[in-house]
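K.L.:
Please find the sequence and the predicted model below.
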Amino acid sequence: MINVAIVGGGPAGSYCAYHLAKNDVHPVIFDPTHPREKPCGGLVSPSAQKMLPFLKEIPIERSERKTLCIISPYGKRIRISSRYSRFLCFSRLELDKFLLDTAVKEGAELVEEKVTALTRKGGMWKIKTAKRSYLAKRLVGADGVNSIVRKSIVGALDSKDKGLCYGYLVEGLEDEEIILKFLFHRVGYLWVIPRKSHTSLGIGCANLSRSYGLKKELDIFIKRHYPHVKKNAEWAALIPHIKDIKTLHIPVAGTDWILIGDAAGHVSPVVGEGIIYALLDGELAAEAIVENNPKLFNRLWKETYGWILFRDVKLMKWISKKPFLELFFQYLKFRSLV
């Protein structure tokens, strides 16, 4: 019998497991693929470090930059700096490995099996994998945008609340500045995020229905600006991109279950930042479980950072209207990332 089963071993699941184990609640993490490199820039903003100071102390390789360059669709450049700390750029493979290893060392158990089905059985959760079945008292869904836990309990995220990312891991741009270049003809942006030994170079689109030609657009950008880079890996992935505040008001916790991170849709639709909310969700979910009140998570995440996501969803309606973009960039400079 499992006390707490966590489906997904990324930052949200691992950090939740770590905090549970610290409080003598030893969870079981189900994940056959972590740690792994991800279609993600790996950028940790100064505001994220302020909320979770341990991110500055993680003993893994990272690159650091004093500024971040934002380019508007009209070509206007704004460089953002912070009085708190530098922008950090992590390899997701190394970051996720550190978080998962830390959770296991603290007392969490890792089961490298994929969860294929979830059902209720006698007031318990029956968790089925390709190898066997398990019973758990409580369930945490940290299994990403296509979460089987979310699908089984409250329903999958609608396709309109998903975006598409495409990109490469490349060599040859490790001395570049961090760049976010917003697109003119669709809602989204290109990014160049230099890590220690390679660089994440990608493009993201907020609407699946308007994502046609995404790879071609990125390839043209690379050919025009960085023709010398060496491509080491290629990827594509869906990400949460909430369009309606009503979606964020759907409960993400019940008497014996919680959804966290991407599974909860907790990613900024403006700048795509998700790592900070995944980690905060992990910590808050653990707090609710230790208090023997998983439903408490519904209140905790909104009190801690909910206003940011609600604000960003509202902002997206204006960002898509190009005349308001310049005002938006000034807003980013003074409010969002510093």
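P.N.:
Arrived safely. Worth saying up front: this structure is predicted, and the values here are computed from it rather than measured. Residues are numbered from 1 along each chain as shown.
K.L.:
Need phi/psi at the closest residue in space to Glu174 that isn't next to it in sequence.
P.N.:
Counting by CB to CB, 6 or more residues apart in numbering, Pro194 is the residue found nearest to Glu174 once chain neighbours are left out, at 4.9 Å. Quick note: C-beta positions are derived from backbone N, CA and C, even for glycine. Backbone torsions for Pro194, taken as degrees, to the nearest 10, come to phi -80, psi 130.
K.L.:
and if you look at the one 3 residues further on?
P.N.:
Comment: the main-chain dihedrals of Ser197 come out as phi -120, psi 0, following degrees, to the nearest 10.
K.L.:
what about it, neighbour count?
P.N.:
Applying other CB atoms under 10 Å, we find 12 residues neighbouring Ser197.
K.L.:
related to what we said a few turns ago, pretty sure the residue nearest to Glu174 is in contact with Asp175, am I right?
P.N.:
Yes - Pro194 is in contact with Asp175 according to CB atoms under 8 Å; the separation is 7.0 Å.
K.L.:
follow-up on the earlier one: could you give the bridge partners of the residue nearest to Glu174?
P.N.:
Thr199 (DSSP bridges).
K.L.:
so who does it touch?
P.N.:
63, 65, 89, 173-178 (CB atoms under 8 Å, 6 or more residues apart in numbering).
K.L.:
can you put the residues you listed in TSV and add pLDDT?
P.N.:
Output for the contacts of Pro194, formatted as TSV (pLDDT from 0 to 100):
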residue	pLDDT
Ser63	95
Arg65	94
Cys89	94
Leu173	95
Glu174	94
Asp175	94
Glu176	94
Glu177	95
Ile178	95
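K.L.:
Out of those residues, list just those in strands.
P.N.:
Members of these lying in strands (criterion: DSSP state E): 63, 65, 89, 178.
K.L.:
ranges for the helices of the stretch 1-150 of the chain?
P.N.:
Listed in chain order, the helices of the stretch 1-150 of the chain (DSSP state H, counting those that start in this stretch) span 11-22, 46-51, 92-106, 148-153.
K.L.:
quick one: the residue lying closest to Leu190 once chain neighbours are set aside and Leu139, what's the gap?
P.N.:
Spatial nearest neighbour of Leu190, chain neighbours left out: Lys181 (4.4 Å); criterion: CB to CB, 6+ apart. In this view, Lys181 and Leu139 are 40 Å apart by CB to CB, to the nearest Å.
K.L.:
Which of those two has more residues huddled nearby?
P.N.:
Leu139 (24 against 20).
K.L.:
beta partners of that one?
P.N.:
Here Leu139, judged by DSSP bridges, has bridge partners Ala5, Trp257.
K.L.:
Please renumber the chain so that the first residue is 383 from this point on.
P.N.:
From this message on, residue numbering opens at 383, which makes the last subject Leu521.
K.L.:
Make sure Arg532 is actually in contact with Asp543.
P.N.:
No - counting by CB under 8 Å, Arg532 does not reach Asp543; the two are 11.4 Å apart.
K.L.:
Pick out the residue closest to the middle of the chain.
P.N.:
Gly656 (3.1 Å; CA atoms, centre = their mean).
K.L.:
Just the pLDDT for that residue.
P.N.:
Note on Gly656: pLDDT of 92.
K.L.:
ok, now which ones touch the closest residue to it other than its chain neighbours?
P.N.:
In space, and not counting its chain neighbours, Gly656 is closest to Val649: 3.9 Å by CB to CB, 6+ apart. Going by CB under 8 Å, 6+ apart, Val649 touches 621-624, 655-656, 659.
K.L.:
Minimum pLDDT in those residues, which residue is that?
P.N.:
Within these, lowest confidence goes to Glu655 (87).
K.L.:
Return the distance of Leu600 relative to Gly586.
P.N.:
With CB to CB as the criterion, Leu600 and Gly586 are 10 Å apart.
K.L.:
Please apply the same query to Ile411.
P.N.:
28 Å.
K.L.:
same deal with Ile657?
P.N.:
Using CB to CB, Ile657 is found at 15 Å from Gly586.
K.L.:
residues near Phe436, how many?
P.N.:
Other residues near Phe436 come to 9 when the count uses other CB under 10 Å.
K.L.:
Next: the one 10 residues further on.
P.N.:
Here the number of neighbours of Glu446 (other CB under 10 Å) works out to 12.
K.L.:
who touches it in this structure?
P.N.:
468-471.
K.L.:
so which of the residues you listed comes closest to Asn528?
P.N.:
Asn528 has its nearest neighbour among the contacts of Glu446 in Cys471, at 26.3 Å by CB to CB.
K.L.:
Identify the residues contacting the closest one.
P.N.:
Cys471 touches 423-426, 444-447, 560, 575-578, 582, counting by CB under 8 Å, 6+ apart.
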